[in-house]
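>>> Sequence and predicted structure below; questions after.
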Amino acid sequence: MSVILGIDPGSVKTGFGIINYVSGKAEYVTSGVIRLRESEDLPARLRVIYDSVTQLVELHCPQEVAVEQVFMAKSAGSALKLGQARGAAVVACVTQDLPVAEYSARQIKQSVVGTGAAEKEQVQHMVKVLLKLPAAPAEDAADALAAALCHAHMRQSMINMAGARSVRRRRIR
């Protein structure tokens, strides 16, 4: 069993999603969006992200964290703010000794939808289907759940590859 926290960082909205990955199957635990007041200065918003992610970790006790990497936003200023929001979330996790994996938006979309060029609506739909949810989650929450699912798939692939190598080695001898 592995509880995985996925985070879709943002300086105005930070999505989070938690899944329980057991025996190759993902189960939905919770998800949502940390909404930040644009009227507040950036340091205050970063504090809210840090405190909120810390509370999520303390409440749900994930064993691993998956975070979307920073991509080039509309402007350099936007990318810097996004990077700082991401940093606040990552620090909240690593201060509690959680391993943090980073994935590009393209990797996450490829893992969940099957194409790295998927639209937001496609990600929402596939998250709903994969986790057997009654309705599609909010956009940012869906992205965070997709990050958690991507991490689960990557872990499973690595386990499968390690098993295949040991089988091949035994056959050669």
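Ah, there it is.
>>> which SSE is residue 52 in?
Assigned by DSSP states H and E, residue 52 belongs to helix 42-60.
>>> typo on my end, it should be residue 106
Residue 106 belongs to helix 105-112, assigned by DSSP H and E.
>>> which other residues reach that helix?
68-69, 71, 103, 115-118, 122-123, 126-127, 130, 143, 146-147, 149-150, 153-154 (C-beta atoms under 8 Å, 6 or more residues apart in numbering). Bear in mind the C-beta positions are built from the backbone N, C-alpha and C, glycine included.
>>> Give me the buried subset of those residues.
Listed as buried from the contacts of helix 105-112 are 68-69, 103, 118, 122-123, 126-127, 130, 143, 146-147, 149-150, 153; burial here means 16 or more other C-beta atoms under 10 Å.
>>> Taking the residues you listed, tell me the two that lie furthest apart.
69 and 130 (21.5 Å; C-beta to C-beta).
>>> Look up how far residue 63 lies from residue 46.
Residue 46 is 25 Å from residue 63, where distance means C-beta to C-beta, to the nearest Å.
>>> Repeat that for residue 29.
Between residue 29 and residue 63 the distance is 12 Å, computed by C-beta to C-beta.
>>> again with residue 54
Residue 54 sits 16 Å away from residue 63, going by C-beta to C-beta.
>>> what about those two, which has more around it?
Between residue 54 and residue 63, counted using other C-beta atoms under 10 Å, the more crowded position is residue 54 (17 against 12).
>>> Please name the residues that touch the more buried one.
Neighbours of residue 54 in contact, by C-beta under 8 Å, 6+ apart: 92, 95, 96.
>>> what's around the first one, how many residues?
As a burial measure, the neighbour count of residue 92 was computed by other C-beta under 10 Å and equals 22.
>>> Ok, the last one next?
Using other C-beta under 10 Å, residue 96 has 14 other residues around it.
>>> List the contacts of the nearest residue to it once chain neighbours are set aside.
Excluding its sequence neighbours, the residue lying closest to residue 96 (C-beta to C-beta, 6 or more residues apart in numbering) is residue 57, at 5.3 Å. Contacts for residue 57 (C-beta under 8 Å, 6+ apart) come out as 5, 92, 93, 96, 98.
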